[in-house]
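J.: predicted model and sequence below, questions to follow.
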Amino acid sequence: MLTTAAVRVRRAAPLRVALLGSLAWMISGCAEESTTAEASPTTDWWEPSAYTYTLESSEGERALIGTFEVTVEDGKVTKAVGLDGSGRRVVKQFPDEVPTIGDLLAEARDARNDDADTVDVDYAADGHPTRVSLDWEENAIDDEAMYVITDYEAATAGRPQ
């Protein structure tokens with residue numbers, strides 16, 4: 001009888017180890033997921049159809065480098081003003097490159113779906129993003145993107161002020 005019990009314990013021990021290992025793996029996966037925010041920390045913020053914001057876009061080798069004052073109406077950029085030399089050059093040569101905040105969040109989501117090494121999004125208390133940092137490959141040069149969002153103001157009565 002003791003021998004049978006010993007066999008049962010031996011069979012149960014690997015099962016417990018496997019279950020505990022699976023649980024630890026799931027917990028570590030959850031912790032890893034929470035380090036990069038995919039959605040706003042509050043469900044109260046949705047990208048409005050009209051707003052203004054200032055975008056500072058830096059890092060990496062890409063067209064969208066510079067500081068911009070952006071007006072969004074009906075979910076589209078209707079006005080972009082370059083606030084520095086790089087920003088003015090982008091607005092003149094590539095006006096369609098200036099994104100909405102929704103475009104920036106979509107870029108972060110796409111980077112996450114493409115298994116980018118770094119996708120970090122910081123949010124303000126009201127839930128709108130304030131910083132998006134992307135790095136597709138940790139050891140690659142010039143594939144990063146950094147977006148800093150300031151002076152965000154939602155429109156009143158459907159139009160930015």
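T.: Great, that's in hand.

J.: in the chain, which spans are helices?
T.: For the chain, helices defined by DSSP state H occupy the ranges 2-34, 85-93, 101-113.

J.: which other helices and strands does the shortest one contact?
T.: Read that as helix 85-93. Helices and strands touching helix 85-93, by 3 or more Cβ pairs under 8 Å, 6 or more residues apart in numbering; DSSP states H and E, are strand 66-73, strand 76-82. Backbone N, C-alpha and C define where each C-beta goes, glycine included.

J.: still on that earlier bit, which stretch in the helices of the chain has the least confidence?
T.: Least confidently modelled of these is helix 2-34, at a mean of 39 by mean pLDDT.

J.: picking that back up, what's the closest of the helices and strands packed on helix 85-93 to Gly127?
T.: Nearest to Gly127, of all those, is strand 66-73, at 16.5 Å by Cβ to Cβ.

J.: what strands line up against the closest one, and which way round?
T.: strand 51-58 (antiparallel), strand 76-82 (antiparallel) (DSSP bridges).

J.: now the last one: buried residues?
T.: Under the neighbour-count criterion of 16 or more other Cβ atoms under 10 Å, strand 76-82 has 77, 80, 82 buried.

J.: tell me the mean pLDDT over the strand ranked longest in the chain?
T.: Taking DSSP state E as the criterion, the chain has its longest strand at strand 144-154. The pLDDT scores in strand 144-154 average 95.

J.: may I have it as PDB, with CA atoms only?
T.: Below are the C-alpha coordinates for strand 144-154, written out as PDB (Å, rounded to 0.1, in the frame of the first residue of the first chain):
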ATOM      1  CA  GLU A 144      13.200  54.300 -33.900                       C
ATOM      2  CA  ALA A 145      10.400  56.800 -33.700                       C
ATOM      3  CA  MET A 146       9.600  59.100 -30.800                       C
ATOM      4  CA  TYR A 147       6.400  61.200 -30.700                       C
ATOM      5  CA  VAL A 148       5.700  63.700 -27.900                       C
ATOM      6  CA  ILE A 149       2.200  65.100 -27.800                       C
ATOM      7  CA  THR A 150       1.600  68.400 -26.000                       C
ATOM      8  CA  ASP A 151      -1.000  71.200 -25.900                       C
ATOM      9  CA  TYR A 152      -3.800  68.700 -26.700                       C
ATOM     10  CA  GLU A 153      -7.200  70.400 -26.700                       C
ATOM     11  CA  ALA A 154     -10.400  68.800 -27.800                       C
END
